[in-house]
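Engineer: Turn this into a structure:
(chains A and B)
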There are 2 protein chains.
Amino acid sequence: MTQRRRKRNKPDRKRSSFHSIPWQQLVNPYAPLEVCTAEQVEQIHAATLDILENIGIDFMDAEALSIWEKAGAKVDHKSQHVWIDRGLLMELVGKAPAKFRLRGRNPARDMIIGGNHINFLPGGGFAFISDLDSGKRNGTREDFANLLKLIQMSNVMHGTGVALIEMMDVPVSHRHLQRALLNLTLSDKPTTGAAHDRIIPQDILNMARITFGDAALDNPVDPVIVGIVNVNSPLRFDERMLGGLLSYARAGQALIMTPFIVAGAMSPITIAGAVAQQNAEVLAGTALAQLVRPQTPVLYGPFSTNADMRSGSPAFGTPEGGWVSVIAAQMARYYGMPSRGNGGLTNANSNDAQSAYEALWTLWPTVMAHSNYIMHGAGWLETGLTISFEKLMLDMENLAMFQHFLKGVEVNPDTLAVDMMAEVGPGGHHFGTPHTQARFSNAFYEPFISSRLSMENWVAQGAPDSAQRANTLWKQLLKEYEAPPIDSNVKQALEEYVAKRERELENVDLYY
Amino acid sequence: MTQRRRKRNKPDRKRSSFHSIPWQQLVNPYAPLEVCTAEQVEQIHAATLDILENIGIDFMDAEALSIWEKAGAKVDHKSQHVWIDRGLLMELVGKAPAKFRLRGRNPARDMIIGGNHINFLPGGGFAFISDLDSGKRNGTREDFANLLKLIQMSNVMHGTGVALIEMMDVPVSHRHLQRALLNLTLSDKPTTGAAHDRIIPQDILNMARITFGDAALDNPVDPVIVGIVNVNSPLRFDERMLGGLLSYARAGQALIMTPFIVAGAMSPITIAGAVAQQNAEVLAGTALAQLVRPQTPVLYGPFSTNADMRSGSPAFGTPEGGWVSVIAAQMARYYGMPSRGNGGLTNANSNDAQSAYEALWTLWPTVMAHSNYIMHGAGWLETGLTISFEKLMLDMENLAMFQHFLKGVEVNPDTLAVDMMAEVGPGGHHFGTPHTQARFSNAFYEPFISSRLSMENWVAQGAPDSAQRANTLWKQLLKEYEAPPIDSNVKQALEEYVAKRERELENVDLYY
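Structural biologist: Numbers count the residues shown, from 1 in each chain, chains lettered A, B, ... in the order given. Presented below is the predicted three-dimensional model:
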């Protein structure tokens, strides 16, 4: 009996240590950080109107061009170029909702996206995976599943993201199916859809239909998928991304408009120029989505930073990247749109001090700017080439700290506790007071990786640095994972759909 | 000739890499981060008045008690206890200036303290020193000098701080003399004075008199020393600290009122209680300084955080510590006082990811809260027991990033560069444009430790992590140090004063 209880308690205690912060719909109660003055925001807006009216923007897809033409925009079909006048643009942008609900398989995990709400998402789009035991390597389906399990278990991850890691042991044309299957079965949190061309989004929509029912797509109230539309900056949407944009918008699902601008390469080198161009790109995509289906939820979602001028490669966790994040959230608020932010970015190749400070140079501005949907919140390493199991844990620690920090401080006679100060008196100590004892166990944020051991005790334990402690933790957590409940008919239908489509796509050259 | 020029050029180039950010009087142009509402600030203020009127506070010094008595406060000489009524308190606090200038030996390095100005100071008060080559060890006079040289060379260090490292090869009663001598000769930046008892401050004041002339002390316009007065929380000023307070205030020098509260140990466990008590302690010390000399500049300067409830030791770089920093700056603004903040704190025992994220969990709230004088900005490791040469460099990188981030963004037709977007067109690239080329070399913050090497190139260089790169840098920088100019008569007079006082204090049992 005692034996059994002890056995049961151990993993529970572990899990509760990881989850000292409960899952919550997170709200930033503080005033948003703003880098631009109201006048500067107007200047950026004015430049944007100028860009879309006079320079114009490429939409490399016949259907998109005909939609623009029908709406009254000036279209050149040969160059696939569209000029959008300010009246049409602003009328359409005004239709995008300021706030929406993204449904998860578990309704208790629905995300509110907009206003002062904040949601943290994992990193995505990685070519490689690494951990301290086996180093950097290609990823597998098992790796994808393991990452997903850790994300499901973490109360600071509000959704699953999409392409955590390339599954190199799965044929390219099957990967989107396996990703969606794992996302929808190993986790019950809201998910993200790849917006590549028309085949992949259609599969994702079909699997959403199986999972959430037809009403989620035919006559949706709240979306169940958010698709990421990357812009080919400068000023170009390609056919692949437009396929995703049109497919998801038509099905009433949400979109994230994501220019990836490296200032000095895909835009002018000046930050003002970069954010003006980015603004033009986001607004043009948002407007098209509204033409497809008015009230399509769109996140203002850039992923922009400066170039390293020695190598030309993107630099992450920089002061300039901080400015761009904050200004993006400001512009989103100006247009009444929810915004995507980015957290945890770094150029570092290992989980060293640089990896941590660059991650926080991304996260602090984004959170303080009130970005609503913070992607790449955990796991990102090596300029985004690699997802690291240890970085995943280290970033989650910081996200948990934010979750605590954003609760704010309670001020009332009980928390001011002047009576206790009188009782303890000058020079006394508060450890033993009833006021302290009653709050002892949960007064403060309790870290699950950070160590507060003295040097002596830490050395006695083998002097594990934070990455090594993270390594111990994720392996322990994987042992404790339990799949969230799922209707067995839904699960079977998803598996059957995937099996059928895998056969059909066997010889299709699907890229993304 | 060529040979000589090459030799001269090399260190210059190195130094300019460290100093890609020029020295500047730093201002935070963004709105301050606030954690408390205006109503909560009023609640904390009201609790403070209650504490000082009804609980009272210890001043364990006969002279301080008689000053309070003369001012009309209720004093109990036996228990060394003072009750301060709200009218008297607020009248005195109102006399402390909102802003002042702290003079350096080099007038170009004077600090403005108050308003939206920010100044970064190094860490202080460390018992041990460490570097990657020789590990953790006792410090020496040479270590102190080396740290000071690096601080003097860094454009993100606005002052020298005070007790960088204990000089274990110097007798205890001589250390304050050697510290002041090194601060005043190896650096020309403003300095900090130890406020321990009456003998040490008097020596510091005498050395300031030699350096800055009698007018800096007898009839001062701007102070040349800022002395740190630690409060023995809860609610107690001891004789040692009051000696410093009275000595510096009388000489027209500035003070920092520094409760060191670990919430749950030296104050109620609740953050509201901790900040209310801290507020009472700061205001009581500020009021006494105004009684000694009206208009004495005082910084609202707490150093408070939460306890780790497992060990009872202070926890650094926590969400709670962030709240306390932000609220301290809010309360300082409420009273029209400049504020001290703290940056770079951590419980980590090595320069790992934890050391970096905890440092930034301290620095971001402090900078965003508009703290004016940020101590412990660089070097702090191991819960404050150790100063690390590598951490010094890593922290300076982050301070330099802040210095850049706080410049803000320029928005005008030239930086919006819509004409360049038209010229490059959709799908083009901006690397080669005249707009990019003209700004190429200094458009972005250039790091001096952060690496943006690809994994391959980084591994080819031996895969040095950021701490190892910091190690290379500080050793290189020490070779390049050049002492700032000093009047040889002043230098000789300082050395003679120190030699004389060392003889006089040979057998004095001076502690601090």
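Engineer: what residue ranges in the stretch 401-512 of chain A score low on pLDDT?
Structural biologist: Residue ranges of the stretch 401-512 of chain A with pLDDT under 70: A:511-512.
Engineer: all strands in it, in order from the N-terminus.
Structural biologist: Remark: no strands are assigned in the stretch 401-512 of chain A by DSSP state E, counting those that start in this stretch.
Engineer: All the helices of it, in order from the start?
Structural biologist: A:413-416, A:418-424, A:434-439, A:455-460, A:466-480, A:488-504 (DSSP state H, counting those that start in this stretch).
Engineer: May I see the buried residues of the fourth one?
Structural biologist: I take that to be helix A:455-460. Neighbour-count burial for helix A:455-460 flags A:Met455, A:Trp458 (criterion: 16 or more other C-beta atoms under 10 Å in any protein chain shown). No exception for glycine: its C-beta is placed from N, CA and C like everyone else's.
Engineer: closest one to A:Leu381 among the helices of the stretch 401-512 of chain A?
Structural biologist: Nearest of those to A:Leu381, taken as C-beta to C-beta: helix A:466-480 at 10.6 Å.
Engineer: any residue of that closest one up close to chain B?
Structural biologist: Yes - Helix A:466-480 lies within reach of chain B by C-beta under 8 Å from any C-beta of the partner chain, at A:Ser466, A:Ala467.
Engineer: out of the helices of the stretch 401-512 of chain A, nearest to A:Tyr334?
Structural biologist: Among the helices of the stretch 401-512 of chain A, helix A:413-416 sits nearest to A:Tyr334 (C-beta to C-beta), with 37.2 Å.
Engineer: Let's see that closest one as CSV, backbone CA atoms only.
Structural biologist: Output in CSV follows, covering the C-alpha atoms of helix A:413-416 (Å, rounded to 0.1, in the frame of the first residue of the first chain):
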residue,chain,number,x,y,z
PRO,A,413,-4.7,44.9,3.3
ASP,A,414,-3.9,41.1,3.4
THR,A,415,-1.0,41.3,1.0
LEU,A,416,0.3,44.6,2.4
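Engineer: what's it packed up against?
Structural biologist: Where contact means 3 or more C-beta pairs under 8 Å, 6 or more residues apart in numbering or on different chains; DSSP states H and E, helix A:413-416 is packed against helix B:38-50, helix B:271-292.
Engineer: repeat that for 10 Å
Structural biologist: The elements that helix A:413-416 packs onto, with contact taken as 3 or more C-beta pairs under 10 Å, 6 or more residues apart in numbering or on different chains; DSSP states H and E, are helix A:434-439, helix B:38-50, helix B:271-292.
Engineer: Can you give me the buried ones in the first one?
Structural biologist: Residues of helix A:434-439 classed as buried under the neighbour-count rule (16+ other C-beta under 10 Å) are A:His435, A:Thr436, A:Arg439.
Engineer: Find the nearest non-adjacent residue to the last one, please.
Structural biologist: Setting aside the residues directly before and after it, A:Arg439 is nearest to B:Ile269 in space (C-beta to C-beta, 6 or more residues apart in numbering or on different chains), at 5.0 Å.
Engineer: Check the second one too.
Structural biologist: Counting by C-beta to C-beta, 6+ apart, the nearest residue to A:Thr436 once its immediate chain neighbours are dropped is B:Ile269, at 4.5 Å.
Engineer: Packed most tightly, which of the helices and strands packed on helix A:413-416 would that be?
Structural biologist: Per-stretch averages of neighbours, counted by mean count of other C-beta atoms under 10 Å in any protein chain shown, single out helix B:271-292 among those, with a mean of 28.
Engineer: Mind checking if it is in reach of chain A?
Structural biologist: Yes - residues of helix B:271-292 contacting chain A under C-beta under 10 Å from any C-beta of the partner chain: B:Ile271, B:Ala272, B:Gly273, B:Ala274, B:Val275, B:Ala276, B:Gln277, B:Ala280, B:Glu281.
Engineer: Show the pLDDT at A:Ser16.
Structural biologist: A:Ser16 is assigned a pLDDT of 47 by the prediction.
Engineer: what do you get for A:Met396?
Structural biologist: pLDDT for A:Met396: 97.
Engineer: Just to check, it is in contact with A:Ser154?
Structural biologist: Yes - applying C-beta atoms under 10 Å, one finds A:Met396 in contact with A:Ser154, separated by 5.3 Å.
Engineer: any shared contact partners between the two?
Structural biologist: A:Phe18, A:Ile21, A:Phe120, A:Pro122, A:Gly377, A:Ala378, A:Phe448 (C-beta atoms under 10 Å, 6 or more residues apart in numbering or on different chains).
Engineer: most surrounded residue in those residues?
Structural biologist: Neighbour counts for the shared contacts of A:Met396 and A:Ser154, by other C-beta atoms under 10 Å in any protein chain shown, peak at A:Gly377, which reaches 35 neighbours.
Engineer: Now do it against B:Ser304, distance only.
Structural biologist: 29 Å (C-beta to C-beta, to the nearest Å).
Engineer: Around A:Ala249, how many other residues sit close by?
Structural biologist: 25.
Engineer: Excluding chain neighbours, give the residue nearest to it in space.
Structural biologist: Per C-beta to C-beta, 6+ apart, closest to A:Ala249 is A:Val292, 3.9 Å.
Engineer: which ones are touching A:Asn119?
Structural biologist: Neighbouring residues of A:Asn119 by C-beta under 10 Å, 6+ apart: A:25-26, A:102, A:111-113, A:157-159, A:189-190, A:338, A:340-341, A:371-375, A:377.
Engineer: Equivalent analysis for A:Leu121, please.
Structural biologist: By C-beta under 10 Å, 6+ apart, the neighbours of A:Leu121 are A:111, A:151, A:157-162, A:189-192, A:226, A:340-343, A:373-378.
Engineer: among these, which are in strands?
Structural biologist: Of those, the ones assigned to strands by DSSP state E are A:Met111, A:Thr191, A:Thr192, A:Val226, A:Arg340, A:Gly341, A:Asn342, A:Tyr373, A:Ile374, A:Met375.
Engineer: As CSV, those with pLDDT, distance to A:Ala62 and neighbour count would be great.
Structural biologist: Output for the ones in strands among the contacts of A:Leu121, formatted as CSV (pLDDT from 0 to 100; distance: C-beta to C-beta, whole Å; neighbours: other C-beta atoms under 10 Å in any protein chain shown):
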residue, pLDDT, distance to A:Ala62, neighbour count
A:Met111, 97, 34, 24
A:Thr191, 90, 30, 27
A:Thr192, 81, 27, 25
A:Val226, 95, 26, 28
A:Arg340, 97, 28, 30
A:Gly341, 97, 34, 33
A:Asn342, 96, 33, 29
A:Tyr373, 98, 31, 28
A:Ile374, 98, 35, 26
A:Met375, 97, 31, 30
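Engineer: Dump the residues you listed to a markdown table, plus distance to B:Ile129.
Structural biologist: Compiled in a markdown table, the ones in strands among the contacts of A:Leu121 are given as follows (distance: C-beta to C-beta, whole Å):
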| residue | distance to B:Ile129 |
| --- | --- |
| A:Met111 | 48 |
| A:Thr191 | 51 |
| A:Thr192 | 49 |
| A:Val226 | 51 |
| A:Arg340 | 45 |
| A:Gly341 | 40 |
| A:Asn342 | 38 |
| A:Tyr373 | 45 |
| A:Ile374 | 39 |
| A:Met375 | 41 |
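Engineer: so which of the residues you listed comes closest to A:Gly425?
Structural biologist: A:Ile374 (46.1 Å).
Engineer: Dig out what the closest residue to A:Met168 other than its chain neighbours forms beta bridges with.
Structural biologist: Excluding its sequence neighbours, the residue lying closest to A:Met168 (C-beta to C-beta, 6+ apart) is A:Asn138, at 4.3 Å. Per DSSP bridges, the residues bridged to A:Asn138 are A:Phe128.
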